[in-house]
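>>> Fold the following and give me the result.
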Amino acid sequence: MQTTVHTTLHFSGMGLHSGKPARIILRPAAADTGILFVRTDVVGVDPVVPARWDHVIVSPLNTRIENASGVSVSTIEHLMAALAGCGIHNVVVEISGPEVPIMDGSAAQFVRGLVRAGVKRLNTSLAVIEVLRAVEYRHGDALARFDPSPAPIMDYTIDFADKAIGHQRKVMPLANGFFVRELCDSRTFCRQDDVDAMRAQGLALGGTMENAVVVDGDRVLSPGGLRHADEAVRHKMLDALGDMATAGAPILARYTGVKSGHAMTNHLLRALFADDKNWRMRRVDSSLAAQLPGVGVVMADLAAVA
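Here you go, the predicted structure:
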């Protein structure tokens, strides 16, 4: 069945790139609503921005959505990953600014709130997007690809010159609480040189050592070091799940990312939906439901990120 949040939830914090504070209210929504962002700070224009792939403005740094009136919301990927990873399909996200708060650089705080509040099941069946044949998008030596699979799986590889990150690969199913236990607390990361360059361009104004893993060569500069030895690739998987959630329904496929990122995942979704032979909508039965992200998540899963 489709789901929504059980009760209204409140979050607040600073935007990573804008450096501006924002308040978020997650409100329950009816079946088939999907994920809608509503800018409460704009007047005179349509404030509703659907969190859908065809509303994404492609960017390498984050995921930004925009409506026909030019109203946008940026850095939605961590919240979208939390919703997808907790199995929530319908919610209205009221936001008081142009950017979703970065929180601690991961999706953990959103996940804690969602799991503690609980999920409400709606009396409407759920459908997934079943990938029927391989679809890929390449850019240089980077790759994003969907392959048919009986269950959602992610296979991600990164390769950075900085020894603190280096070459990392992780393969994992996305079912049954894996996102909550294994991925949701992994933080965004960057090189110190990149931080300096972004700030020179007026970006990363809200970035600190407390909401990102900053590396310099073989050193991790952020206090406390890494939460996982392979935190970087885990965070890339978190981002990819959030970006895939803009498809509008869970995707039944194996996702492979090699040096991929926000822009490439959106290009992959556009390639998928460009041909009806690539996919079909499939109604979810009990056996398939058990394979989907968020199904089976319990409070005990929070122990890993408490």
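>>> Please make it C-alpha for all contacts and neighbour counts, starting now.
Noted.
>>> so what pLDDT did the residue in the chain sticking out farthest from the centre get?
Farthest-out residue of the chain from its mean C-alpha position, per Cα atoms, centre = their mean: residue 44, at 29.9 Å. Confidence per residue is given as pLDDT, and for residue 44 that number is 97.
>>> same question, residue 302
Residue 302 is assigned a predicted lDDT (pLDDT) of 66.
>>> what does the one 4 residues further on give?
Taken from the predicted model, the pLDDT recorded for residue 306 is 51.
>>> circling back: part of a helix, is the residue farthest from the centre of the chain?
No: using DSSP: H, G, I helix; E, B strand; the rest coil, the secondary structure at residue 44 is coil, not a helix.
>>> any idea how far residue 55 is from it?
Going from residue 44 to residue 55 by Cα to Cα, to the nearest Å gives 20 Å.
>>> May I see the buried residues of stretch 111-119?
For stretch 111-119, a neighbour-count test (16 or more other Cα atoms under 10 Å) marks 111, 112, 114, 115, 118, 119 as buried.
>>> With adjacent residues omitted, what lies nearest to the fifth one?
With Cα to Cα, 6 or more residues apart in numbering as the criterion, residue 118 has its nearest non-adjacent residue at 5.4 Å, and that residue is residue 6.
>>> hmm, back to that, could I get the buried residues of stretch 111-119 as TSV with pLDDT?
Formatted as TSV, the buried residues of stretch 111-119 follow (pLDDT from 0 to 100):
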residue	pLDDT
111	95
112	94
114	95
115	92
118	90
119	92
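>>> out of those residues, who's nearest residue 249?
When those are ranked by distance to residue 249 (Cα to Cα), residue 119 comes first, at 16.6 Å.
>>> I'd guessed the closest one sits against residue 5; true?
Yes: with contacts counted by Cα atoms under 8 Å, residue 119 reaches residue 5, the gap being 4.9 Å.
>>> Please enumerate the shared neighbours of those two.
residue 88 (Cα atoms under 8 Å, 6 or more residues apart in numbering).
>>> separation between residue 38 and residue 82?
Between residue 38 and residue 82 the distance is 18 Å, computed by Cα to Cα.
>>> Between the two, point out the one with more neighbours.
Relative neighbour count places residue 82 above the other of residue 38 and residue 82, with 30 against 23, counting by other Cα atoms under 10 Å.
>>> can I assume that one sits in a helix?
Yes: with three-state DSSP as the criterion, residue 82 is located in a helix.
>>> Residue 293: what's its closest spatial neighbour, skipping adjacent residues?
In space, not counting the residues next to it along the chain, residue 293 is nearest to residue 175; the distance is 4.4 Å by Cα to Cα, 6+ apart.
>>> helix/strand/coil for that neighbour?
coil.
>>> What separation do you get for it and residue 218?
From residue 175 over to residue 218 the distance is 34 Å, taken as Cα to Cα.
>>> Those two: which is more packed in?
Just comparing residue 175 and residue 218: by other Cα under 10 Å the higher neighbour count belongs to residue 175, 23 against 12.
>>> Let me see the confidence value for that one.
With respect to pLDDT, residue 175 scores 86.
>>> just checking, it touches residue 295?
Yes: with contact taken as Cα under 8 Å, residue 175 and residue 295 are classed as touching, separated by 6.9 Å.
>>> Pull the residues that contact stretch 92-101.
Residues beyond stretch 92-101 that count as contacts (Cα under 8 Å, 6+ apart) turn out to be 12-16, 18, 20-29, 35-41, 72-76, 79.
>>> what does stretch 166-174 give?
85, 151-160, 178, 230, 232-234, 291-293.
>>> Residue 263: how many residues sit nearby?
The burial count assigned to residue 263 is 18, neighbours taken as other Cα under 10 Å.
>>> same thing with residue 274?
As a burial measure, residue 274 scores 11 neighbours (other Cα under 10 Å).
>>> quick one on the thing from earlier: filter the buried residues of stretch 111-119 down to the ones in helices?
Counted as lying in helices by DSSP state H, out of the buried residues of stretch 111-119, are 111, 112, 114, 115.
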